[in-house]
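Trainee: Sequence and computational prediction follow.
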There are 2 protein chains.
Amino acid sequence: MDSTVATGRALDAAEELFYRQGVQTVGMDDIRAVSGVSLKRLYQLFPAKERLVEAYLERRDVRWRERLAEHVEQHEDPERRVVAVFDQLGEWFGEPGFNGCAWINSYGELGATSEPVARQVRLHKAAFKEYVANLVARAGLPADLGEHVFLLAEGAMVSAAITGSTAPAAHAAEATRLLIAAHRR
Amino acid sequence: MDSTVATGRALDAAEELFYRQGVQTVGMDDIRAVSGVSLKRLYQLFPAKERLVEAYLERRDVRWRERLAEHVEQHEDPERRVVAVFDQLGEWFGEPGFNGCAWINSYGELGATSEPVARQVRLHKAAFKEYVANLVARAGLPADLGEHVFLLAEGAMVSAAITGSTAPAAHAAEATRLLIAAHRR
DNA sequence: CGCAGCAGAGAACGCTCGTTCTCCCGCCGA
DNA sequence: TCGGCGGGAGAACGAGCGTTCTCTGCTGCG
């Protein structure tokens, strides 16, 4: 098996298991079993479990933000794009296997003990926040609104995870519409 | 040592250690060392670590909401009370040792593996949400605003934890003021 | 003063898990 | 065909930890 293929399978298994069950309850042997990549190979590719966690968060970050951007860019109207963030979140919340925000969960689990993991979380949230800020700026709306939309999105993710409902996405979208309307006056 | 005293010391130690370092990295022996309560006694009072975690979350829930209510009730104006939630959050965020929302962190760490812990988290968030909903209702504002304020609060907690800044409280407060103004028209 | 019983200290047990090591098979070049 | 070598399977090692057990000393009561 090619080295890049092995890396891909390892990351696939890591993502499936870490996201669903949390990092600490998944052992390297579980990763081996699901990925079919031997322990020896795993440790050649990722010298420690922590590195595998980092790589998992990093790859997921890229994919997650790409997927969001694809959704948002289906809309032309700049203001509509801001609200579209929550359409995408709502769709995500409703998917089977949705288990909250991988980065918030990882931060709760490892933020206090693993600086590399905490760093990945900060990077991801900073990138997401900046993306929202850009959407808001292109709609000609004030920068503060970017902060507000970002907080609504974070709150929606947490609330959807804990309650298992998709409703927070709709509520956050509604709040965003009201805030946009308020700024328009 | 009286049994109630021992319970109190155990919970004090649990709160200090679990909140700062997370649940999984703290051993029962650490609880013993900090509390001065012997392992034998600990297991008489809490037959398993999971029960201690539950009790920690439960006691913290009562205290956390009491403290919030005390702050909020210093204000007379019902609309001001809604915004005062974020004054209190901002103060909390700035305290040394602030490490995010204990329930969100615990959910990320144990939500997938421990149903009792997940239940405590749901109970706490439901209680907080209802408290906010009451504040909003007494201010004569529509129920949807309660949802919006709740999501802003959750987002602020998460964002403050990850960035280490108190700014999210001020941003959430500002968003809340805008939403209230929008509803007044 | 003597004894029963409780409580604490801490060793012990069993399990999990991250990480490494050993053994063996199959492939590839000479 | 033969030798070595890369890689896989899985045992092994060592640490951590939840939980229980043992021993010892103290206390309170007769």
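Mentor: Right, received. Where do you want to start?

Trainee: Helix, strand, or coil at A:Glu70?
Mentor: Using DSSP: H, G, I helix; E, B strand; the rest coil, the structure places A:Glu70 in helix.

Trainee: can you tell me how far it sits from chain B?
Mentor: Shown here: A:Glu70 relative to chain B, a distance of 24 Å by Cβ to the nearest Cβ, to the nearest Å. Every residue, glycine included, has its C-beta placed from N, CA and C.

Trainee: cool, and A:Gln21?
Mentor: Counting by Cβ to the nearest Cβ, the separation of A:Gln21 from chain B is 5 Å.

Trainee: go on, A:Asp87?
Mentor: Following Cβ to the nearest Cβ, the distance that separates A:Asp87 from chain B is 16 Å.

Trainee: doesn't A:His71 make contact with that residue?
Mentor: Yes: counting by Cβ atoms under 8 Å, A:His71 is a contact partner of A:Asp87 at 6.7 Å.

Trainee: how deep is the residue lying closest to A:Val82 once chain neighbours are set aside tucked in, by neighbour count?
Mentor: For A:Val82, the nearest residue in space outside its immediate sequence neighbours is A:Leu135; the separation is 5.0 Å by Cβ to Cβ, 6 or more residues apart in numbering or on different chains. Applying other Cβ atoms under 10 Å in any protein chain shown, we find 22 other residues in the vicinity of A:Leu135.

Trainee: in which helix or strand would I find A:Leu135?
Mentor: helix A:115-138 (DSSP states H and E).

Trainee: what do you get for A:Arg20?
Mentor: With secondary structure defined by DSSP H and E, A:Arg20 is part of helix A:3-21.

Trainee: and what of A:Ile162?
Mentor: In the assignment (DSSP H and E), A:Ile162 maps to helix A:143-163.

Trainee: Please compute how far the very next helix or strand once past that helix lies from its chain's middle.
Mentor: Towards the C-terminus, the helix or strand next in line after helix A:143-163, according to DSSP H and E, is helix A:167-184. Averaging C-alpha coordinates over helix A:167-184 and over its chain gives two centres that are 21 Å apart (Cα atoms, centre = their mean, to the nearest Å).

Trainee: Chain neighbours aside, what residue packs nearest to the closest residue to chain B within chain A?
Mentor: Of chain A, the residue with the smallest distance to chain B, taken as Cβ to the nearest Cβ, is A:Gly108 at 2.6 Å. For A:Gly108, the nearest residue in space outside its immediate sequence neighbours is B:Gly108; the separation is 2.6 Å by Cβ to Cβ, 6+ apart.
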